[in-house]
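# Okay, sequence plus prediction incoming.
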Amino acid sequence: MRQKPQTAVETLQFSDFKSSIKQCYSPVTSLGYSVLMTSSNDASASPALPYRARGSLKGRTILMSGGSRGIGLAIATRAARDGANIVIMAKTGEPHPKLQGTVFTAAEQLEAAGGQALPLVGDVRNDGDVAAAVAAAVERFGGIDVVVNNASAIDLSRTDAIDMKRYDLMQDINVRGTFLLSKLALPALRKSGNAHILTLSPPLNLDPKWAGMHLAYTMAKYGMSLTTLGLAEELKNDGVSVNSLWPCTLIDTAAIRNMPGGAQIVQAARGSDIIADAAHAVLTGANLGNGSAINTGNFYTDEEVLRAAGVSDFRPYSLGAAEEKLVPDIFL
């Protein structure tokens, strides 16, 4: 029975598709991903997980939209364990009645993990908030090395059922917000010696199945991916890597747990650590000597990135379900 999802900001995954995930990832040789990474002082602080870092984010400054909870916070916490500086701009300044965590509690978690954090209450739809976040990151930490476009809204309603306010919300947060944050951070990114824009959006897939199932959401997520495609080409000679990352399976988040039937749905999910580890692997990748990034313009899945990094057993990332029973994510 299909559970109708609620709209949720800062969460990206919901699916009840039961098809196999065995073909989720491409062969590693197609990645253009290098394991010649910067030296790391990270001792892989989660020994129960299979990812072993070959690079470090120590001292690098990350500006993230959203991130007060869920996948964004997991990515930020993984970076904080290296000693990264993390600027989080999110709307949640006060506790949410159903979802745990604020931008301030997230900052406390990041600092406890070993990083430096700057929490900012702001809306990625607001030009002034985004400009202020970029300026604050530069003022506090001296620059910006990484932008993570994490904030997103989801509503899987069909066309005749979608409320236009929901449609506008997804367009404003997902597409415009990703474009705006990336655009305003470009001057700082160009000054970094190891710049990266990472967007949590799916591979571009013109199979009409996805648009036919949830056109409004598909347009909004593909708008984020088109930003990756265009910026990678536009910035290919500027030393700024631009990539997208998407999970192969449903990811356990508080927003999904709060949906009708969510506690059962997430039993067939993986934890957010898999996205955090994959993002870490992408962001610590090496650059080519000719000034262009070796890993730019890609639409990575978490599995293919981690396979390239040496992971072969993904069972530790799941919540207990057998691999063949995991719920695949959409768009793949």
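Done, it's in. Residues are numbered from 1 along each chain as shown.
# helix/strand/coil for the nearest residue to residue 124 once chain neighbours are set aside?
The spatially closest residue to residue 124, leaving aside those adjacent along the chain, is residue 177, at 3.5 Å (Cβ to Cβ, 6 or more residues apart in numbering). For the C-beta atoms, the positions are set from N, CA and C on the backbone; glycine is no exception. State at residue 177, reduced to three classes by DSSP: H, G, I helix; E, B strand; the rest coil: helix.
# Number of residues surrounding residue 177?
Other residues near residue 177 number 24, with proximity taken as other Cβ atoms under 10 Å.
# and it, what does it touch?
Contacts for residue 177 were tallied using Cβ atoms under 8 Å, 6 or more residues apart in numbering; they are 65, 124-125, 130, 149, 151.
# Nearest to residue 234, out of these: which one, please.
Top of the list for closeness to residue 234, among the contacts of residue 177 and by Cβ to Cβ, is residue 149 at 15.6 Å.
# what's around the nearest residue to residue 263 once chain neighbours are set aside, how many residues?
Leaving aside its sequence neighbours, residue 263 sits nearest to residue 257 (Cβ to Cβ, 6+ apart; 5.9 Å). The tally of other residues near residue 257 (other Cβ under 10 Å) stands at 16.
# swap in the one 4 residues further on?
Counted by other Cβ under 10 Å, the residues lying close to residue 261 total 14.
# which strands and helices sit next to the strand or helix carrying residue 227?
Secondary structure here is read from DSSP states H and E; on that basis residue 227 sits in helix 215-234. Counting contacts by 3 or more Cβ pairs under 8 Å, 6 or more residues apart in numbering; DSSP states H and E, helix 215-234 packs against helix 164-170, helix 177-191, strand 195-199, helix 208-213, strand 240-246.
# quick revisit: and the residue nearest to residue 124, how far is that from residue 184?
Using Cβ to Cβ, to the nearest Å, one obtains 11 Å as the distance from residue 177 to residue 184.
# Is it correct that residue 116 is in contact with residue 141?
Yes: the pair residue 116 / residue 141 is scored as a contact, 7.4 Å apart, by Cβ atoms under 8 Å.
# So which of the helices and strands packed on helix 215-234 is nearest residue 156?
For the helices and strands packed on helix 215-234, distance to residue 156 was read as Cβ to Cβ. The smallest value, 7.5 Å, belongs to helix 208-213.
# could you say what helices and strands the closest one packs with?
With contacts defined as 3+ Cβ pairs under 8 Å, 6+ apart, the packing partners of helix 208-213 are helix 215-234.
# circling back to that earlier point, tell me how far the residue nearest to residue 124 lies from residue 223.
The value you get for residue 177 to residue 223, if Cβ to Cβ is used, is 10 Å.
# ok, now residue 241?
Distance check for residue 241 against residue 223: by Cβ to Cβ, it reads 20 Å.
# ditto for residue 136
On the measure of Cβ to Cβ, residue 136 and residue 223 end up 26 Å apart.
# and what of residue 144?
Noted for residue 144: a distance of 23 Å to residue 223, by Cβ to Cβ.
# Which stretches in the stretch 1-150 of the chain count as strands?
Shown for the stretch 1-150 of the chain, the strands assigned by DSSP state E, counting those that start in this stretch span residues 8-9, 61-65, 85-90, 116-121, 146-149.
# between the ones you listed, which gets nearest to residue 264?
When the strands of the stretch 1-150 of the chain are ranked by distance to residue 264, counting by Cβ to Cβ, first place goes to strand 8-9 at 17.5 Å.
# pLDDT of the closest one, averaged?
Throughout strand 8-9, pLDDT has a mean value of 34.
# Also stretch 242-252?
Mean pLDDT, stretch 242-252: 97.
# First-to-last residue distance for that stretch?
In terms of Cα to Cα, to the nearest Å, the two terminal residues of stretch 242-252 are separated by 26 Å.
# Pull out the buried residues from it.
Buried residues in stretch 242-252, defined by neighbour count with 16 or more other Cβ atoms under 10 Å: 242-252.
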